[in-house]
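Asks: when you get a sec, could you give me coordinates for this:
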Amino acid sequence: MSATVANKYDEVFERCGIKSEKQKRFIIEYFNTDFNAAEAIRLAGYQAKWDNRMGHEMLQKPHIKEAVISYRDWE
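Replies: Numbers count the residues shown, from 1 in each chain. Purely as a prediction, here's the structure:
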């Protein structure tokens, strides 16, 4: 990941109140896996048993949704 991209992620995380390292990793992996929430959940280190459900639930959290939209709009 380039320094510019890393800085943009950090800026979005701070603005949206994302503090959990797993949530940060989920957002990064969500983009890296072409918007595959289940795969992003697994790669972020969450328990894979309910990955499809957890991926959907993660994207429903207001601060996660805001971060995804903010970063997507930046690209």
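
Asks: and the residue minimising distance to the centre of the chain, what does it touch?
Replies: Nearest residue to the geometric centre of the chain (Cα atoms, centre = their mean): Ile27, 1.0 Å. Contacts of Ile27 were listed using Cβ atoms under 8 Å, 6 or more residues apart in numbering, and they are Tyr9, Val12, Phe13, Ile18, Ala40, Ile64, Ala67, Val68, Tyr71. To be clear about C-beta, it is placed using only N, CA and C from the backbone, and glycine gets the same treatment.

Asks: pLDDT, secondary structure and distance to His56 for those - can I get that in JSON lines?
Replies: What follows is the contacts of Ile27, written out as JSON lines (pLDDT from 0 to 100; DSSP: H, G, I helix; E, B strand; the rest coil; distance: Cβ to Cβ, whole Å):
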{"residue": "Tyr9", "pLDDT": "85", "secondary structure": "helix", "distance to His56": "22"}
{"residue": "Val12", "pLDDT": "89", "secondary structure": "helix", "distance to His56": "21"}
{"residue": "Phe13", "pLDDT": "92", "secondary structure": "helix", "distance to His56": "21"}
{"residue": "Ile18", "pLDDT": "93", "secondary structure": "coil", "distance to His56": "18"}
{"residue": "Ala40", "pLDDT": "95", "secondary structure": "helix", "distance to His56": "11"}
{"residue": "Ile64", "pLDDT": "95", "secondary structure": "helix", "distance to His56": "11"}
{"residue": "Ala67", "pLDDT": "92", "secondary structure": "helix", "distance to His56": "16"}
{"residue": "Val68", "pLDDT": "92", "secondary structure": "helix", "distance to His56": "13"}
{"residue": "Tyr71", "pLDDT": "82", "secondary structure": "helix", "distance to His56": "19"}
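
Asks: Tyr46: which of those is nearest?
Replies: When the contacts of Ile27 are compared for distance to Tyr46 (Cβ to Cβ), Ala40 wins out at 9.0 Å.

Asks: surely the closest one and Tyr30 touch.
Replies: Yes. Counting by Cβ atoms under 8 Å, Ala40 does reach Tyr30; the two are 4.2 Å apart.

Asks: can you list the weak-confidence ranges in this structure?
Replies: Applying pLDDT under 70 to the chain flags the ranges 1-6, 75.

Asks: fine by me, thanks again.
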